[in-house]
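Undergrad: Predicted model and sequence below, questions to follow.
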Amino acid sequence: MLQLLFAASGAAALIYEMVWFHLVQLVVGASAISVAVLLCSFMGGMAVGSWLIPRVVQPWSHPLRIIAVLEAGIAVLGIVIPVTLPFVQQAYVAVVGYGFGNVLLRAGVCVLILTPPTLLMGATLPVAARLRDVDVGRLYTMNLAGAALGTALAGFYLLRVFDVYVASGVAIAINVVIAIVAPYLARGTRHQARGTIPEARGSRYQAPLLAVAALSGFTALGAEVVWTRQLSLLFGASVYTFSLILAVFLGGLAIGGAAGARVARTSTQPELALGRVQLALAVAIAAGAWMVVNALPQWQPTRSFLPAIHASPTLTFTFDALRCAIAMLPATILWGASFPLTIAAARGAVAEINALNTAGALAGAILVTLIAIPWFGSQRAQQLLVVLAALSSVIVLVPRLKPSTTAVAAVIALISLSVVPEIPGRLIAFGRSVNSYDSIRQFLYLSEGATASVAVTEGVAGAKQFHIAGKVEASDMDVDMRLERMLGHLPALLHPNPKSVLIVGVGAGVTAGALSIHPEVERIVICEIERAVPESARRYFGEENHHVFDDPRVRLVYDDARHFLQTTTETFDIITSDPIHPWVRGAATLYSLEYLQLARDHLNPGGVVTQWIPLYETDLRSVKSEIATFAQVFPDTTLWNPDVLEEGYDLVALGRVAPSPISETAIDRRLGSAPRVTESLDGVMLQSGAAILGTYAGRARDLAPLLSDAEINRERHLRLQYLAGLAANRDRRFAIFQELVKYRRYPADLFEASAGLEAQLRKWYGN
C-alpha cells in the first residue's frame, strides 16, 4: 500500500508541475530566462525540502503521519496557488521593468509561488526512509512510475479535455486521499526514532558518493534537455511530444529504479555496481545521441515508409514513443538504477543524496539550456555529459580497481566521446521533414539558440528559406513574400495615419520591413523570443526586409509578446502578429482570447491588428477556434487570402478598434503618395486598391453559422494547441478554404469600390 501511495504522490506532483508551469509562465513570460527561473524554483525547492524538512521534524513523529501532513499541505497550496496567482500577477505587473532587476523580480515571483509546495514534495521520500525495513529504492521506483503516469494523464487527457483547474482538482484529490490513508497505515508500521533520516556517517565513501549523486542528476536532466530539443524537431514540437518524451524518460527512470533496487538488496559491493552503471551511462548517452541523429530520422514516416502511421494521432504517438524508447531507455534505465545503488553504497544518507541529485538535475537543466547549447552546440553539450558520467565512474571505481581496468574505462569513455555526432543542418532546418533536405543547395546559417534552433538555407532553385524549430517560417519565394508583406501593408493602408507599430514574431523581418517603408511610421517595436532570429534575418534577408534591423526607429525586445504587452504602458496604431504554427507548444498563447484582449487594450483609437491564420498542417476545427477567438475580441473581423490561385494556404485575420469603410480610392491615393510601398506590393501582384480588395476572403459575421460550435482558445486551457497538435500531420488546406468561402458575401456596407470592381467581386462571390 505504501508503494501505491508513493506512485499516487508522483502522479500528483507531475500534474502540478505541468499546471503550475503553465500558470506561472502566464505571469513571468515564456522566455528562456523565465523557463530557467521556473526550473530553479521548482527543482530548487524540492532539493531544499529534501535536505531541510527531515531535519526539523520531531524525531518521535511517525513518518507516515508526517507524510500525511506534507500531502495535505501540498493539497492546500494546490488550491491557494490558482486563487492567489491573479493578485500576484497584478503586483508583478505594477513594478516590473527590464534588465537584471526584471530577471530578479521574475525569479522572486517563481520562488514565492513554487517553493512552498515543492519544499513539501521534496521531503516525502527522505521522511519515508525513517520507516523501519523500508525499501527506499522501491518507493523511488513507484514514485517515478506514478510521475510518468501523471505526465501522460495531464498531457494527453486532463489538459486536452478540461483545463488547469480540473487538472489541479485531480491532483488535489490525490493528495487528500494520501493524507487520509497514510495515518491508517501508520498504525501497523514502525519507524527509526532518530532526529534525521539514516545517515552514512561511518562510510568513508560518503563524500564521493554524494558527488556522484549530483553528477548523475546533472547528466540526466542535461541529456533530457538536449534530447527534448532534438526529438521535438524530429517529431514536431507539439505539447503532446513534450508530454510523451517526459513520460518515456520518467518511465525509463522507474524501470532503472526497480532494477537498481533489486541489485542493491543483493549486492555486497553496491559501490562497484554504481561505478559500472556510471561508466555504462557514458556509453548510453553517446549511443542515444547517435540514435537521435542517425537512426531515428531513417524511420520517419513518409509516403513511402510507414504512411499509415499518420492516419491517426494514436498511431503517431505510439510510434514516436517507440522511437523515444529506443534512443532514451538505455540511458534512463541506468540513471534510474544509480539512485538506489548510491543509497546502498552510502549506507543511507537518503536526504543528502536526494537533495544533491535534485540540485545536480537543476544545474544540468539550467546550464545546458542557457550556456552549453547556445554557446557550444548540442554535440559539445552531450560530450560534456559523457565526460561527467565517466568522471562519476572514476570517482567510485578508481579506489577499487586495478590501473589496467581504469585504463579500459578511459578508453571506453574516449570512444563514447567520438561517437557523439554533430546535429545535422537538415534536422535543424526541416525537423519532421528531415528527409527533404535534398531540395537544399547549401546551408547559409545554422544556430542552436536558447529557445529554438534557426537555419537559413538556399534551395536548388535559388530560393532562400528561413527555418525556426524545424519549420520553414519565411522565404523569399512569391507565395511567402505575398503573405509576409500583406501582414504589414494591409493594416498600414487601412489605418488613416499609422505612426507606431508592434510586430510579434519577426521571422525574416519582411513584415517589419514592409511597415518601415510607410512614410507615416515613426516607431517600430519588435518582440522576438529567440536572439538568433533577428541576427540571421539581418545577415541573409536584408534586401527583402529593407535592412529594418539597422533602422533607428526600430526597438528589439527579447521577450514573449504577451509578457511585453502585459508589462508595458505603450500603445500602438498597428499590432501585427505572425507567430509560429499553433500546434507548436506555447504558440497558442498568442492566439488566446486574453492575449488578443491585451493587444486590443494596447491599440490607439482607430488601431488595427492583423494575425496569421494557417490552413495547412491543421484541420477545420482548429481554424474555427482561431477565427472565433479573434472575432470575439474584434467583432468586425475580416479575412484576407494571400494565395494568388485561391486554393487556400493561409489567411490574414484583420481586426479594428473602430471599423470604418474600406475605400478602393483611399488605398490608391495612399499608394500614389508612397512609391516604395507601391513597388513592394507590385512585386507580389498587389499593385492597386482593386487587387488588395480582391484578396478579401470573408467576414466573421458571415461565418457565424460555421463558427457556432467553435472552441474559444482561453489561457486556462489553451485548447488550440491540443486541437492543432492532433491535426499537425493533416493537409486539408483546400477543403478548409472552400468551407470558409462558402459563406463569403460581398460586404456592401464595408467596401467603397468602383462599380466595375463591385460587379466583378459580386460575380466572383456568387452574390
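TA: Great, that's in hand.

Undergrad: Name the single longest strand found in this protein.
TA: Longest strand in the chain by number of residues (criterion: DSSP state E): strand 603-614.

Undergrad: Show me what that one pairs with in its sheet, parallel or antiparallel.
TA: According to DSSP bridges, strand 603-614 has the following sheet partners: strand 572-577 (parallel), strand 650-656 (antiparallel).

Undergrad: where does the residue nearest in space to the middle of the chain land in three-state SS?
TA: For the chain, Arg585 is the residue whose C-alpha lies nearest the centre (Cα atoms, centre = their mean; 4.7 Å). When classified by DSSP: H, G, I helix; E, B strand; the rest coil, Arg585 comes out as coil.

Undergrad: Without its sequence neighbours, what residue ends up closest to it?
TA: Distances taken as Cβ to Cβ, 6 or more residues apart in numbering put Val239 closest to Arg585, at 4.6 Å, once the chain neighbours are dropped. For the C-beta atoms, the positions are set from N, CA and C on the backbone; glycine is no exception.

Undergrad: so Ile627 makes contact with Thr638?
TA: No: using Cβ atoms under 8 Å, Ile627 is not in contact with Thr638; the gap is 10.7 Å.

Undergrad: shared neighbours of these two, anything?
TA: Ala653, Ala700 (Cβ atoms under 8 Å, 6 or more residues apart in numbering).

Undergrad: related to what we said a few turns ago, need the residues that contact the longest strand of the chain.
TA: Residues outside strand 603-614 that contact it (Cβ under 8 Å, 6+ apart): 483, 487, 490-491, 494-496, 498, 500, 571-579, 581-582, 591, 596, 599-600, 623, 626-627, 630, 634, 639, 650-658, 660.

Undergrad: And for stretch 452-467?
TA: Stretch 452-467 has contacts (Cβ under 8 Å, 6+ apart) with 229, 233, 425, 428-430, 439-447, 468-470, 472-477, 507-508, 529-530, 532-533, 536-537, 539-541.

Undergrad: Would you show me how to pick out the buried ones of these in PyMOL?
TA: Command for PyMOL that selects the buried part of those, burial taken from 16 or more other Cβ atoms under 10 Å:
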select buried, resi 229+233+425+428+429+430+440+443+444+445+446+447+468+469+470+472+473+474+475+476+507+508+529+530+532+533+536+537+540+541
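
Undergrad: right, and Glu484 touches Ala512 too?
TA: No: the criterion here is Cβ under 8 Å, and Glu484 misses it with Ala512 at 9.4 Å.

Undergrad: Phi, psi for the residue nearest to Ala728 when sequence neighbours are not counted please.
TA: Excluding its sequence neighbours, the residue lying closest to Ala728 (Cβ to Cβ, 6+ apart) is Trp583, at 4.3 Å. Main-chain dihedrals, Trp583, degrees, to the nearest 10: phi -80, psi -10.

Undergrad: burial count for Trp583?
TA: 28 (other Cβ atoms under 10 Å).

Undergrad: Hmm, it is touching Gly725, no?
TA: Yes: the pair Trp583 and Gly725 passes the contact test of Cβ under 8 Å, sitting 4.7 Å apart.

Undergrad: Are there residues contacting both of these two? Which ones?
TA: Once Cβ under 8 Å, 6+ apart is applied, the residues that Trp583 and Gly725 both contact turn out to be Ser238.

Undergrad: Which residues are in contact with the residue nearest to the centre of the chain?
TA: Going by Cβ under 8 Å, 6+ apart, Arg585 touches Ser232, Ala237, Ser238, Val239, Thr241, Phe242, Gln721.

Undergrad: Check Val277 too.
TA: Remark: with contacts taken as Cβ under 8 Å, 6+ apart, Val277 is in contact with Gly260, Leu334, Ala337, Ser338, Leu341.

Undergrad: from those, which is closest to Tyr184?
TA: When the contacts of Val277 are ranked by distance to Tyr184 (Cβ to Cβ), Gly260 comes first, at 30.1 Å.

Undergrad: from what I can see Val684 touches Val479, true?
TA: No: using Cβ under 8 Å, Val684 is not in contact with Val479; the gap is 9.2 Å.

Undergrad: More neighbours: which of those two?
TA: Just comparing Val684 and Val479: by other Cβ under 10 Å the higher neighbour count belongs to Val684, 21 against 14.

Undergrad: Distance of the more buried one relative to Ile174?
TA: The span separating Val684 from Ile174 equals 56 Å under the rule Cβ to Cβ, to the nearest Å.

Undergrad: Same check on Ala658?
TA: Ala658 is 50 Å from Ile174, by Cβ to Cβ.

Undergrad: Those two: which is more packed in?
TA: Using other Cβ under 10 Å, the more surrounded residue of Ala658 and Ile174 is Ile174, with 26 against 10.

Undergrad: and that one, what is it in contact with?
TA: Going by Cβ under 8 Å, 6+ apart, Ile174 touches Ala8, Ser9, Ala11, Ala12, Ile15.

Undergrad: ok, then the element right after the helix or strand containing it?
TA: Per DSSP states H and E: Ile174 is located in helix 164-186. Scanning forward in sequence from helix 164-186 by DSSP H and E, the next helix or strand is helix 206-235.

Undergrad: Next, the buried residues of that next one.
TA: Applying 16+ other Cβ under 10 Å to helix 206-235 flags 206, 208-235 as buried.

Undergrad: Follow the chain on from that helix and name the next helix or strand.
TA: Tracing the chain past helix 206-235, the next element assigned as helix or strand by DSSP H and E is helix 239-266.
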